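*Asks:* coordinates only, sequence not included:
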């Protein structure tokens, strides 16, 4: 009977699924509930961050003291790595290039790379590593570091690592090496990385992504060099931060603060290795989401080189303008017996005869003009001019001055 009433109320239906006008209302209510849940999650996250910040401020000194204690306990030994029989220091940059590329391919956190390199160096400080297993140890260290502190959905699988190694190792070899690394390190994985100290140093200042990316770039350059393997991460973090602020012309921390107490010698060592960074690192930090800091460093180094060249250039000697060539003093550099270049006398082609100066035929001074006599020059001469021999009287006078008087012939 109820079924018949229902049939009479809604009418016959050929389908089992009937659309109702109330479905839109239910969908709108479900969407509103999901929106309210999302807003509630965001509020809870904001409250958790505020509580974490208050707790961190209260326990910051204790946390920093524990981090500094742990960094001393988990430092690798360079001298132990030096006595390795097969692996050498020149192989390290090639392995680190591979780890940097794998780290970027899986989009892991920055601290994962620093932790992986620390696990690699600590293992090489305690075990003899064969050359053919060096890359396998690096992959195991990266896998352990990713499992320890990175997001679970980004942890690489053994199959992915095997593919990146061109199937050089079997699946079981990755698992065995991972277990062997953990056994060698007594399952002590926690290590305060450079990124951890950097976040603590930047917690009291406004967020500046360019400074953070520049500091990470300098810190990753330090991973490639032997002299920084046994340097404490806290010292490297503060020194790299100071150098990054110097390159970007930012204000430095006060020397009384923990972040401002950097090591000047470490800063100089880091600056000396900025000239030839790894091509993989340079390409990685030339992207826009990392503030293009590698290009910024190259431009900074070019400016510093130009300033150094200008400072080393000798000063330009002053130019002395000489009014007349005849006023230049003659310096005899060859001595009295050396070769001499004939010099023009003061009076040009004048010839001295009997103590009397014979003036040139054409005056060389520019104040004389053809057919004119300057007003400043007297018209009378102290000595008679050279006579012209075309007149008999002048011929007789010329013979007199030459010292032989000859009676002119009568024509």
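*Replies:* Cool, the structure landed. The structure displayed is predicted, hence computed values, not measured ones.
*Asks:* going forward, measure contacts between C-alpha atoms and count neighbours the same way
*Replies:* OK.
*Asks:* Could you tell me how far residue 236 is located from residue 195?
*Replies:* Between residue 236 and residue 195 the distance is 10 Å, computed by C-alpha to C-alpha, to the nearest Å.
*Asks:* Spit out the contact partners of the residue nearest to the spatial centre of the chain.
*Replies:* Nearest to the mean C-alpha position of the chain, by C-alpha atoms, centre = their mean, lies residue 297 at 2.8 Å. Residues near residue 297 by C-alpha atoms under 8 Å, 6 or more residues apart in numbering: 247, 274.
*Asks:* does it count as helix, strand or coil?
*Replies:* helix (DSSP: H, G, I helix; E, B strand; the rest coil).
*Asks:* ditto for residue 239
*Replies:* Secondary structure, three-state DSSP: residue 239 is helix.
*Asks:* Tell me who's in contact with it.
*Replies:* Residue 239 neighbours (C-alpha under 8 Å, 6+ apart): 262, 263, 264, 266, 267.
*Asks:* I'd assumed residue 241 was in contact with the last one.
*Replies:* Translated: residue 267. No. Using C-alpha atoms under 8 Å, residue 267 is not in contact with residue 241, being 9.2 Å away.
*Asks:* where are the low-confidence patches of the stretch 201-350 of the chain?
*Replies:* Applying pLDDT under 70 to the stretch 201-350 of the chain picks out residues 255-256, 315-350.
*Asks:* Please repeat the previous calculation with a cut-off of 90.
*Replies:* Flagging of the stretch 201-350 of the chain using pLDDT under 90 yields the residue ranges 201-207, 249-264, 276, 305-350.
*Asks:* Next up, identify which helix or strand residue 213 is on.
*Replies:* Assigned by DSSP states H and E, residue 213 falls within helix 209-222.
*Asks:* for that helix, the distance to its chain's centre please.
*Replies:* 11 Å (C-alpha atoms, centre = their mean, to the nearest Å).
*Asks:* What of stretch 120-127?
*Replies:* On C-alpha atoms, centre = their mean, the centre of stretch 120-127 falls 31 Å from that of its chain.
*Asks:* Point out where the stretch 51-200 of the chain drops to low pLDDT.
*Replies:* 51-64, 149, 151-152, 167, 190, 200.
*Asks:* So which of residue 267 and residue 241 has more stuff around it?
*Replies:* residue 241 (29 against 19; other C-alpha atoms under 10 Å).
*Asks:* was I right about the more buried one contacting residue 211?
*Replies:* Yes. Between residue 241 and residue 211 there is a contact under C-alpha under 8 Å: 7.5 Å.
*Asks:* count of residues packed around the residue lying closest to residue 218 once chain neighbours are set aside?
*Replies:* The shortest distance from residue 218 to any non-neighbouring residue, by C-alpha to C-alpha, 6 or more residues apart in numbering, is to residue 240 (6.0 Å). For residue 240, the tally of surrounding residues (other C-alpha under 10 Å) stands at 30.
*Asks:* Would you check how far apart residue 240 and residue 268 are?
*Replies:* Distance from residue 240 to residue 268, by C-alpha to C-alpha: 10 Å.
*Asks:* How about residue 175?
*Replies:* Taking C-alpha to C-alpha, one finds residue 175 at 41 Å from residue 268.
*Asks:* Ok, residue 194 next?
*Replies:* In terms of C-alpha to C-alpha, residue 194 sits 18 Å off from residue 268.
*Asks:* Of those two, give the one with the bigger neighbour count.
*Replies:* residue 194 (24 against 12).
*Asks:* about what we covered before: buried ones in the helix holding residue 213?
*Replies:* 210-222 (16 or more other C-alpha atoms under 10 Å).
*Asks:* same check, this time on stretch 294-312
*Replies:* For stretch 294-312, by 16+ other C-alpha under 10 Å, it's 294, 297, 301.
*Asks:* Same question for stretch 155-173.
*Replies:* 155, 156, 158, 161, 162, 169.
*Asks:* just checking, the fifth one touches residue 175?
*Replies:* The one in question is residue 162. No. Using C-alpha under 8 Å, residue 162 is not in contact with residue 175, being 11.4 Å away.
*Asks:* Now list whatever residues contact both of the two.
*Replies:* Shared contacts of residue 162 and residue 175 (C-alpha under 8 Å, 6+ apart): none.
*Asks:* and residue 149, how many residues sit next to it?
*Replies:* Residue 149, neighbours per other C-alpha under 10 Å, totals 15.
*Asks:* Check the spacing between the nearest residue to it once chain neighbours are set aside and residue 82 real quick.
*Replies:* Closest residue to residue 149 apart from its sequence neighbours, by C-alpha to C-alpha, 6+ apart: residue 112 at 6.9 Å. The spacing between residue 112 and residue 82, counted by C-alpha to C-alpha, is 25 Å.
*Asks:* And the contacts of stretch 91-107?
*Replies:* Defining contact as C-alpha under 8 Å, 6+ apart, one finds that stretch 91-107 is touched by 113, 134-135, 138-139, 142, 154-156, 164, 224, 278, 280-281.
*Asks:* Buried ones among those residues?
*Replies:* Among those, those buried by neighbour count (16+ other C-alpha under 10 Å) are 113, 134, 135, 138, 139, 142, 155, 156, 224, 278, 281.
*Asks:* list the helices and strands the helix or strand hosting the second one packs on?
*Replies:* Okay, so that is residue 134. Using DSSP H and E, residue 134 maps to helix 134-149. Judged by 3 or more C-alpha pairs under 8 Å, 6 or more residues apart in numbering; DSSP states H and E, helix 134-149 is in contact with helix 92-105, helix 110-126, helix 171-184.
*Asks:* Quick one: list the elements packing against the second one.
*Replies:* Here helix 110-126 touches helix 78-82, helix 92-105, helix 134-149, helix 171-184, helix 194-201, going by 3+ C-alpha pairs under 8 Å, 6+ apart.
*Asks:* and which of the buried ones among the contacts of stretch 91-107 is nearest residue 64?
*Replies:* Nearest to residue 64 among these: residue 113, at 21.3 Å, using C-alpha to C-alpha.
*Asks:* What number of residues are in the vicinity of the residue nearest to that closest one when sequence neighbours are not counted?
*Replies:* Excluding its sequence neighbours, the residue lying closest to residue 113 (C-alpha to C-alpha, 6+ apart) is residue 103, at 6.7 Å. Residue 103: 19 surrounding residues under other C-alpha under 10 Å.
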